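Asks: Okay, sequence plus prediction incoming.
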Amino acid sequence: MNLLYPLALAALVSLPIIFIISKIIPPSPKQQNLPAFEFLRGLDAQKSVVNDAPFWLKILRALGILLLVLGLAAPYFSTQQGNKTQTPQAKNYLIVVEDGFSNANDFNNAKQKLANFIKSEAAKTGTSAQFTLIKTSLGAAQDFSVKSDIALLTELDNINPAPVFNNYIAVNQALTRFSGNAIVICLCDNSYHEGQEEFIKRLKDIANGTLILIPPERNLIIIKNIKEDDNGYNINLSGLGAMPKAILDFYDKDGKIVTTQNVGANSIIQVPAFMRREIYFARIRGQENAGATRIINIFNSRPLIGFEKHSFDSPLLADETYIATAANIKGEVFSDNLDKIISKNPSAIVFADRGKFTDNEYDELQKYIQNGGMIIRFSGPLLLESGERRLLPQYIRPEAKILSGNFTWNDKGIGTFDTNSPFYGLELGNDAQISRLAVFETGGEPPEIWAQMKDKSPLVSAKKIGNGYVVLVHTGLMGGWSNLGLTKYLYEILERVLLRAQNIGLPATSLPPTQAMQPIATIDGNGKINQNPMGQKSILPDEWQNIKADINHPPGIYSGGGSTLILNMIGDDFILKPYKFDNSFGALPEKNAKQALLKPLLLLGGILLLLIEMLLTFIIGRGRFWGKALAIIIFAFGVPLSPHDAKAQPLKTDDMIMGYIATPDAATNQKAKAGLEGLKSALTRRTNVEPAGVKAIDPEKDDLALYPVLYWLLPDKPQPLSPIAKQKLNIFMENGGMLFIDTRGGGRDAKTAQNITQIALGGLKIPPLEKVPQEHVLNKTFYLLRFYPARFGNANIWVEARSATDLTANDGVSPIIITDGDFAYVWASGANQSPIGAINGDELQKELAFRVGINIYLYALTGQYKNDQVHIPLLLERLRGRGR
Amino acid sequence: MQESLYNQANIIADTIAGEIPILVKSAQNIASQLIGFHAKKQAGNSDEFFQFRPYSNGESVANIDWRQSAKSDKAYVKQKEQQSPRRFQIFCLQAPRINWQYSPESPNKRNIANIYALSIGFALLDIGESVLVAGQKKTTKSKTTITQSLLSMRDELPKDFPKGVSIIFHDGLCDLAIFENIFKRANSAGNKIILGLIKDENEAGFNFKGRIEFQNIDSDEKILIENCDEIRAQYIAKYQEHFSKLEELANRNNVLIHNIYCGQEILNQIMPIWQNALLLEEVKL
């Protein structure tokens, strides 16, 4: 007999422990003082129940546990330590496993069936059965080594479907090396593969008797093609069996579903362009194979950037060096002559300070931009002196504006970015110094200003021409113009500008790669996408033309050499055909009943024995019944499960947990957490509210109903909420939850603060708001408050306007509180004595900030309670006292 | 050991000091309801002023209070209060073991005992009597003094018995020989004892369940009871035997016993004690 999970036997170590524990540790008694203690002396009482369990009871208990552990170890009879009493009868098995993508649906189920069959066969034959395994993904490279049942089961466990086509021609060639007869078991799907007839014929020759077939339960459906047109997608599906109807999910690059469509074999679906821009791949729901996943758009790609080749005497001093370095970090840079660059249709072409274009160059560039190209020009003396008036957002003056000098008083700093700017949210430090700027002549059509100085001189401007852009950086990188080349800001500026470029990457068909293309994402046999593929072979330039997904080149996205390629599992020439196995194939025989029953019988026997033991214990020693019962239940269910279920103890639902909304910005989350931790200890110390913990909440996934208040500290670059999150937060607020939003606006300029708040809260049902009026209950829920000091001095707090408040709903508690104070910053200092952030002001201000937090949480928990008339005399007295 | 008990008693006294106002207040309430059962003051020969009454012929002229008489056209005699002998002694057990309650919601035995003792004491003051707190040298008319003296008491039982009535509040849970000793001493001194036994119903009925380790409050001694149900009957028998012996002892020595149950209404239980105290005193007089 063998064990499927021999490690489970380790639990037997607990047997003697159980013996010892049940012997010497009785449940600890309750302690009780008694004045009439004297009367307890000399009573005829049971002295001790320790050691009272009779030996036979312990044996019973141990036997029960032994059966449980054996059951969990899943024993089965093996040929290796075969039963000598049975007639030895050698049996050979040839196992054919189709591990290509077409068999991926239900592959694990089929594997399980096969494993059960092997176990039962091993049990039946009781002698050295020999197994030979064929994996079709290996093609001709089969090793026909003979394996024991255990070795086979282990190997089987490790087989996963590969994103390859079954190559029966190669397998068939290999099969010539297999001699003798065997029982043939095929774990095969119902689709036709090339060379299958010959292969089946050979299998029949090998088989002695019926061949056994384990087919998948679901019919295979694949995506034949998805073509994008102006209105949406043109979709072709192909399937085995009836005309396929399927649900097609379209995903973004992060694996979130953008849209879901019901499709047939040939469907034209309408998907708006803005949605299509987000869609990267599609997958048929309920199909787990590489053919049912299709990459539509390229993700993870680096923009192709063309850079005009120049020769300079001292390249390190030239602005080209800086730009080329920066561009190389942000994209795939190639340098060449301008006409060759344009012919490659890159995402953008970058020009350092450059003089006039020739007419020919101008025409070519103009065409390139019209078709969606982008040129990025940096300024400098060459540009200014050239008198160039074309391929610029607007005419520029021949002399630069000087920002630094003994007689200049301009503010040299870079201004804030407009929400329309691609730079929005970018923070350029004060170490970016701009000394000279190219400036526009007055008049003419105003260009888009993407970035400007504090004195409103443009720093980056752009003009849309056709589908593309001309972008001008108004300063240069050489000495005397700016130090941008020496800072990281050049990378960030380039990255943001490139976001507006249309041609991000190129389909490989249009352009052969100049060097090997590395996989940047792959699809596995089950149709899952791996965005960090390791150890895959690259596609060489000469392979590029006729490449198909195979064992060396899994489907996915390959990029390099100025080209990017989407390689899907299903190519244009693939035709899905069914294959009908004839009646020489039979189904898997029923499972060996005895074998199947062994594990449950052992488990059941163990549990029964323990129950009997408990009952006997109860009858013998009534007093300690429950303690023992609990101990046995914990052992019986806890010990075997603990290795799998060892998780941190979850917080109880009746504990108050202070939730904060997790934002994409880890630093903001950290601040919010630290703040709430500080407030939590203040609440615990001063009030009856004892929060059990602080938890980051993903409004999309978590159950919000468990949190009375959700604190939301807005990051500098908020992301709009997903539709699910919006809906869940709206329901949360409607049903008594309170959203406490801290915009941190006090530390931002008004417009930025407004933008950030608008982006973050878009789609939430915000009621009409007003600043907290003096008589509002928030001012008296726990402390009496008149103002709300926070990080930036007195904060503003807005609550639902009383005119809009429905006092019958949720006790009139405002579903939302918005503040601009950055309270988390101040509260964070409360958790320990050394403040993380010092407040502008004295300790009193900090104390008051804590009081505001305490009042807000108690307001959420107690509602209008403090507005009850009964509190008025006391409140008046306190207020009068304060007045004195 | 003695020292630790002393310290413990001190600590406990400090602990309940905060409860004094509450105790005093309820004692005063109860006392005010008791005094309706006592006659008013009588004229006597103490130093305390009682009243002026008109001069009657034949009385010694020296008795006339001339200052009062000059205010009107009649002659007045100044009467003084009747001098009370030291008749009432009060004792209340403050030992650590009586500072006990069955559960956090149940009444504390010592609090109950103190409320009774203070109530009786205050009521006696209200009817114009002086009260001797056991262990003190002088009688007092001050409620504060009574309160302070009672709560700082450290003896198991009173040591001295002057003539009159001793009202003792005790849990009855000490060696019967000690009781016998003081009963005899009181008898020989002509002192009548009223013994209020503070009992807790849960303690008397051994209202405990399961496996409990009991601890002696006066020492570190512990006894583990595996199953309380098993010994309940034996315990109750021993408890009742102890108190019936005490009652027997009391009967033999003319001591009046009043059982006071913590869970029952105070006024119903204190009234017979009060009436008996006054009766005993009047019988004596």
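Replies: Sure thing, it's come through.
Asks: For the stretch 401-550 of chain A, which residues are neighbours of chain B?
Replies: Contact residues (Cβ under 8 Å from any Cβ of the partner chain) of the stretch 401-550 of chain A with chain B: there are none. The way it works is simple: take the backbone N, C-alpha and C, and place the C-beta from them, glycine included.
Asks: Tell me where the stretch 401-550 of chain A has helices.
Replies: Applying DSSP state H, counting those that start in this stretch to the stretch 401-550 of chain A gives helices spanning A:489-498.
Asks: So which residue is dead centre in chain A?
Replies: Chain A has A:Asp254 as the residue nearest its centroid, 6.8 Å off, counting by Cα atoms, centre = their mean.
Asks: what about that residue, which SS state?
Replies: Put simply, A:Asp254 is coil when judged by DSSP: H, G, I helix; E, B strand; the rest coil.
Asks: show me what contacts A:Leu338?
Replies: Applying Cβ atoms under 8 Å, 6 or more residues apart in numbering or on different chains, one finds that A:Leu338 lies in contact with A:Glu308, A:Ile349, A:Glu361, A:Glu364, A:Leu365.
Asks: for the most far-flung residue of chain A relative to its centre, what are its contacts?
Replies: Farthest-out residue of chain A from its mean C-alpha position, per Cα atoms, centre = their mean: A:Gly42, at 70.5 Å. A:Gly42 sits next to no residue when contact means Cβ under 8 Å, 6+ apart.
Asks: A:Lys135 now?
Replies: So A:Lys135 contacts A:Val97, A:Asp99, A:Gln142, A:Ile159 (Cβ under 8 Å, 6+ apart).
Asks: Show me how chain B divides into domains.
Replies: B:2-39+B:84-284, B:44-81 (automatic domain parsing).
Asks: For the stretch 51-200 of chain B, give the residue positioned nearest to chain A.
Replies: B:Arg97 (4.4 Å; Cβ to the nearest Cβ).
Asks: For that residue, grab the count of nearby residues.
Replies: If you count neighbours by other Cβ atoms under 10 Å in any protein chain shown, B:Arg97 ends up with 20.
Asks: Which strand residues bridge A:Thr293?
Replies: Assessed by DSSP bridges, A:Thr293 has beta-bridge partners A:Arg283.
Asks: Rounded mean pLDDT for the strand or helix carrying B:Val77, please.
Replies: Secondary structure from DSSP states H and E places B:Val77 in strand B:76-81. Across strand B:76-81, the average pLDDT comes to 73.
Asks: Can you name the next helix or strand after that strand?
Replies: Assigned by DSSP H and E, the successor of strand B:76-81 is strand B:88-92.
Asks: tell me which strands and helices that next one is in contact with?
Replies: Contact here means 3 or more Cβ pairs under 8 Å, 6 or more residues apart in numbering or on different chains; DSSP states H and E; on that basis strand B:88-92 packs against helix B:109-126, strand B:131-133, helix B:143-151, strand B:164-170.
Asks: one step back: what's the pLDDT at the residue farthest from the centre of chain A?
Replies: pLDDT, A:Gly42: 83.
Asks: Over to A:Pro244?
Replies: 72.
Asks: can you tell me which residues contact the closest residue to A:Arg686 other than its chain neighbours?
Replies: Closest residue in space to A:Arg686, ignoring its immediate chain neighbours: A:Ile854 at 6.5 Å, by Cβ to Cβ, 6 or more residues apart in numbering or on different chains. Under the criterion of Cβ under 8 Å, 6+ apart, the neighbours of A:Ile854 are A:Leu679, A:Ala682, A:Leu683, A:Arg686, A:Thr687, A:Phe782, A:Tyr783.
Asks: which of these tops the neighbour count?
Replies: A:Leu679 (28 neighbours).
Asks: Would you agree it is in contact with A:Ile856?
Replies: No. Counting by Cβ atoms under 8 Å, A:Ile856 is not a contact partner of A:Leu679; they are 9.1 Å apart.
Asks: what does the domain assignment say about chain A?
Replies: Split by automatic domain parsing, chain A gives A:2-27+A:47-77+A:596-645, A:92-217+A:583-589, A:221-295, A:304-498, A:508-566, A:657-883.
Asks: Figure out which of the ones you listed is closest to B:Ala204.
Replies: domain A:2-27+A:47-77+A:596-645 (23.7 Å; Cβ to Cβ).
Asks: And the strand or helix carrying A:Lys201, what does it pack against?
Replies: Secondary structure assignment for A:Lys201, by DSSP H and E: helix A:196-206. In terms of contacts (3+ Cβ pairs under 8 Å, 6+ apart), helix A:196-206 is packed against strand A:92-97, helix A:168-175, strand A:183-187.
Asks: Residue of the stretch 201-350 of chain A closest to chain B, please.
Replies: For the stretch 201-350 of chain A, Cβ to the nearest Cβ, closest residue to chain B: A:Lys256, 55.3 Å.
Asks: Please enumerate the strands of the stretch 151-285 of chain B.
Replies: B:164-170, B:191-199, B:212-216, B:222-225, B:256-261 (DSSP state E, counting those that start in this stretch).
Asks: and the fourth one, how far out from the chain's middle?
Replies: A distance of 34 Å separates the C-alpha centroid of strand B:222-225 from that of its chain, computed with Cα atoms, centre = their mean, to the nearest Å.
Asks: on contacts alone, who are the packing partners of it?
Replies: Going by 3+ Cβ pairs under 8 Å, 6+ apart, strand B:222-225 lies up against strand B:212-216.
Asks: what does the first one give?
Replies: Here strand B:164-170 touches strand B:88-92, helix B:109-126, strand B:191-199, helix B:266-284, going by 3+ Cβ pairs under 8 Å, 6+ apart.
Asks: any low-confidence regions in the stretch 351-500 of chain A?
Replies: Within the stretch 351-500 of chain A, the segments meeting pLDDT under 70 span A:404-412, A:429.
Asks: Chain B against chain A: which residues are in contact?
Replies: So chain B meets chain A at B:97-98, B:100, B:109, B:171, B:173, B:200, B:203, B:208, B:210-218, B:221, B:223-227, B:230-231, B:234-235, B:238-239, B:242 (Cβ under 8 Å from any Cβ).
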